[in-house]
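Visitor: Give me a model of this one.
(chains A and B)
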Amino acid sequence: MKILLQGPEIIDSSSPFHQKIKNVLINNGRIAEIGDKSYAADRVIKAEGMKLSIGWFDLGTFVGDPGLEHKEDLESAARTAAAGGFTEIAMLPNTAPSVQSKNEVGYITRGNDNRLVQIHSLASVTKNNKGEELTEMIDLHEAGAVAFTDGLKPIWHTDIFLKSLQYLQKFNGLLIDHPEDIWLNMFGQMHEGINSTKLGLKGMPRIAEDIAVGKNLELLGYSGGRLHFSRLSSAKAIDLVRQAKKKMAVSCDIAVYQPLLDDSFLMDFDTNYKVNPPLREKADADALIKGLKDGTIDVISSGHTPHEDESKSLEFDQADPGMISLQTFGANLVTLSKSVDWDVLIEKVTVNPRKLLQLEIPKIEVEAKANLTLFDPTHLWTFNEKSNFSKSKNSPWLGREVTGKAMAVFNNGRHKIED
Amino acid sequence: MSKLSQKHLLGIKDITREDIELIFETADNFKDVINRPIKKVPSLRDVTIANVFFENSTRTRLSFELAQKRLSADTINFAASTSSVKKGETLLDTVNNILAMKVDMIVMRHASVGAPHFLAKHIKANIVNAGDGTHEHPTQALLDAFSIREKLGTVTGKKIAIIGDILHSRVALSNIFALQKLGAKVMVCGPPTLLPKFIGQLGIEVEFDVRKALQWCDVANVLRIQLERQHIKYFPSLREYSLYYGINKKMLDSLKKQIVIMHPGPINRGVELSSDAADSQHSIILDQVENGVAVRMAVLYLLAGAKG
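Guide: Have a look, this model is predicted:
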């Protein structure tokens, strides 16, 4: 089948067509033509004003499969990711049991060669992500795990942290940490500040993140290895990474919604805004934007953390943290694009995460396999229970009009095109 | 009849100074009523109120119940520990079951911050927050301010020190909001670990030394150490707390001016307040209890009116 993308702007800094408006013909999963001609095709997608990039990659999607399938399973995650513009996701190991043997890795990644959305497996550093006992990381690596992390849990044990950094060096593996001082954050419900004080909620202070980042950078300096911090939120933490990048192999990401929201959204106890790390203050959001611009922040992840109603529609302190965010990712990028260039944003959701995980980077060139995302930054649509593909609906944007939508994704000879 | 700006009383944060003054004027009338030989008025006849207490309470529950009876409301009581509810029914299910019995108003105490706010989003009945975790306890703050107004003539311009475990106290937070709305100056005092780090940003004084706080204030509102809400160790021992933060009559007598002592109860005698101070002429602790009934009558009466 031949599909013609008519007139999108190509965003791929490694391509000679970067920032050029071209027609792109896809024939049976490969890029057949890139040029100005109107190639004959079975289907034509009018893509003027849209952005064509290599397929988006989410570094750190929560999928509860196996064990927590009622939140999100592999199939619903893939469907949701495709609708959000992603052709590949790296799934967090916070499943039940956690991803800690080659069985789980195999279960998650089987069929990847044939999927529209490939699901890569991040494996646990410690058994059941408890931070106490190392998993068999070499074996997990051999089975196809792309990096090691305890996902939404911090690797809190200093010596275990050090040992994992050292152990992973055998195969130059990447350690991903969700930095949090568990003692300072204990029972914490939201960012500690004037708003948590007014609400009488126990705060999660910035220093809980800053201390963990600082300490773990010291460990990285001591042991060597490669370290990535996921979902950073505090201004100081970004600055610590900025300084450390001058001498160490460290990288970081933020959740896409983090610079767009702050703790004032919690004042009427809407649990959809309860996330971890918590929404912080304007100054932190500004620092995240700065970090995106100057390259300190390598990757923008979705932060997709689905929870069923029974875990969210509750008294605030009993609700689980997290929001779904794969499908609103693009709309969030549109908001970010007011402060950060599109080229920079796209790089952080395409090339950079794949580089960190040492995965093949797709190309936009003739004969290349089509692993592509076509995004319309002006498309107005309503994110509601009907358009939502996730099994969960814990999003503050649910029921709201948003701007920006992925109109098509292509990968492995498959595609999904918005009607 | 004047009306409150809100359908619920979820917190002092959400109501206006005019609301508070209206509640006080209404409470003045009810205080007369409860001091008459016939203490009952028919104002809330045919109104059914459920007292739903997910956390232990003696005086607040009694005070609400008495206020309801004095207003001729029909009342039902539900008490359960949050933990037993957690295992089975959700809060919303529990309350909807109660509402299915045709209840007009819910008075709720709950261990979770924001529980009444959560409920307000889901049900139609009026809700009175009788304490939500470490957040607010609005009727306590109203009766405290009402008692200060009664004792000193006005709250405006007065200096009120709130002393003790501010971090775990819903009374403190509601008091701060109420007193500020009424134009009082507020100070909080306690061990630094029991004062929220950002509390000063509310525009209040912060003091670690109880003697200095007593010298500064016109009224000392002494709070209980909330050991049941402290899941983490915040200070070494009750002994040290009582030595350095406890208030006794000798301290009060050494002050240059006579100050008023308040306490929301129950008092840990000999910890935050010695018996000779609690029972001294400085204390208006029992007036607070009496005023509690009048203020709660006013709140219930006004919310029932707000319904129509």
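
Visitor: neighbouring contacts of the worst-scoring helix or strand of chain A on mean pLDDT?
Guide: Lowest by mean pLDDT, DSSP states H and E among the helices and strands of chain A is helix A:309-312, with a mean of 94. With contact meaning C-beta atoms under 8 Å, 6 or more residues apart in numbering or on different chains, helix A:309-312 is reached by A:71, A:271-272, A:319-320, A:392-394, B:90. Where C-beta positions appear, they are placed from N, C-alpha and C, glycine not excepted.

Visitor: So B:Ala220 lies in a helix, does it not?
Guide: No. Read with DSSP: H, G, I helix; E, B strand; the rest coil, B:Ala220 is strand and lies in no helix.

Visitor: What's opposite it in the beta bridge?
Guide: With DSSP bridges as the criterion, the beta-bridge partners of B:Ala220 are B:Ala161, B:Ile261.

Visitor: B:Gly183: neighbouring residues, count only.
Guide: Look at B:Gly183: counted by other C-beta atoms under 10 Å in any protein chain shown, it has 12 neighbours.

Visitor: is it true that it touches B:Gly157?
Guide: Yes. Between B:Gly183 and B:Gly157 there is a contact under C-beta atoms under 8 Å: 6.4 Å.

Visitor: got the contact list for A:Arg43?
Guide: For A:Arg43, the contacting residues are A:1-4, A:417, by C-beta under 8 Å, 6+ apart.

Visitor: Any quick ChimeraX command for the buried ones out of those?
Guide: Those of those that count as buried under 16 or more other C-beta atoms under 10 Å in any protein chain shown are selected in ChimeraX with:
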select /A:3,4
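
Visitor: what bridges to the residue nearest to A:Ser196 when sequence neighbours are not counted?
Guide: With C-beta to C-beta, 6 or more residues apart in numbering or on different chains as the criterion, A:Ser196 has its nearest non-adjacent residue at 4.0 Å, and that residue is A:Gly203. Beta bridges link A:Gly203 to A:Met190 when assigned by DSSP bridges.

Visitor: Cross-check the contact I'm expecting between A:Gly203 and A:Ile194.
Guide: No. Using C-beta under 8 Å as the test, A:Gly203 is too far from A:Ile194 to be in contact (10.1 Å).

Visitor: quick one, which of these two is more surrounded?
Guide: Taking other C-beta under 10 Å, A:Gly203 and A:Ile194 do not tie; A:Gly203 has more neighbours (24 against 18).

Visitor: Relative to B:Ala79, how far out is the more buried one?
Guide: Distance from A:Gly203 to B:Ala79, counting by C-beta to C-beta, to the nearest Å: 31 Å.

Visitor: Now for residue 280, how many residues are close by?
Guide: In the absence of a named chain, this looks at chain A. The tally of other residues near A:Arg280 (other C-beta under 10 Å) stands at 25.

Visitor: not quite, I wanted chain B
Guide: Using other C-beta under 10 Å, B:Ser280 has 14 other residues around it.

Visitor: Now the nearest residue to it once chain neighbours are set aside, what are its backbone angles?
Guide: Excluding its sequence neighbours, the residue lying closest to B:Ser280 (C-beta to C-beta, 6+ apart) is B:Lys249, at 5.3 Å. For B:Lys249, the backbone dihedrals are phi -70, psi -30 (criterion: degrees, to the nearest 10).

Visitor: My read is that B:Lys249 contacts B:Gln281, right?
Guide: No. Between B:Lys249 and B:Gln281 there is no contact under C-beta under 8 Å: 9.8 Å.

Visitor: Between these two, tell me which one has more neighbours.
Guide: For B:Lys249 versus B:Gln281, neighbours defined as other C-beta under 10 Å are more numerous around B:Lys249 (19 against 10).

Visitor: What distance do you get for the more buried one to chain A?
Guide: From B:Lys249 across to chain A, the span is 32 Å (C-beta to the nearest C-beta, to the nearest Å).

Visitor: Could I get the pLDDT score of B:Gln230?
Guide: B:Gln230 is assigned a predicted lDDT (pLDDT) of 67.

Visitor: quick one on the thing from earlier: which pair in the contacts of A:Arg43 spans the largest distance?
Guide: A:Lys2 and A:Ile417 (13.2 Å; C-beta to C-beta).

Visitor: which bits of chain B sit near chain A?
Guide: By C-beta under 8 Å from any C-beta of the partner chain, the residues of chain B that approach chain A are B:13, B:86, B:90-92, B:110, B:112-115, B:117-118, B:132-136, B:170, B:173, B:196-199, B:201-202, B:231-232.

Visitor: From those residues, which land in helices?
Guide: Assigned to helices by DSSP state H, the following of the residues of chain B next to chain A qualify: B:86, B:91-92, B:115, B:117-118, B:170, B:173.

Visitor: Mind putting those residues into JSON lines with neighbour count and pLDDT?
Guide: Shown next, in JSON lines, are those (neighbours: other C-beta atoms under 10 Å in any protein chain shown; pLDDT from 0 to 100):
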{"residue": "B:Lys86", "neighbour count": "17", "pLDDT": "55"}
{"residue": "B:Leu91", "neighbour count": "23", "pLDDT": "86"}
{"residue": "B:Leu92", "neighbour count": "16", "pLDDT": "85"}
{"residue": "B:Ala115", "neighbour count": "31", "pLDDT": "94"}
{"residue": "B:His117", "neighbour count": "25", "pLDDT": "95"}
{"residue": "B:Phe118", "neighbour count": "26", "pLDDT": "93"}
{"residue": "B:Arg170", "neighbour count": "26", "pLDDT": "95"}
{"residue": "B:Leu173", "neighbour count": "29", "pLDDT": "97"}
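
Visitor: which of these lies closest to B:Ala100?
Guide: Proximity of those to B:Ala100 (C-beta to C-beta) peaks at B:Leu92, which lies at 12.3 Å.

Visitor: Chain neighbours aside, what residue packs nearest to the closest one?
Guide: The nearest residue in space to B:Leu92 (C-beta to C-beta, 6+ apart) is B:His122, at 5.6 Å.

Visitor: and that neighbour, how many neighbours does it have?
Guide: Neighbourhood size, B:His122 [other C-beta under 10 Å]: 11.

Visitor: What are the boundaries of the helices in the stretch 151-300 of chain B?
Guide: B:170-181, B:210-216, B:238-245, B:249-253, B:275-278, B:285-307 (DSSP state H, counting those that start in this stretch).
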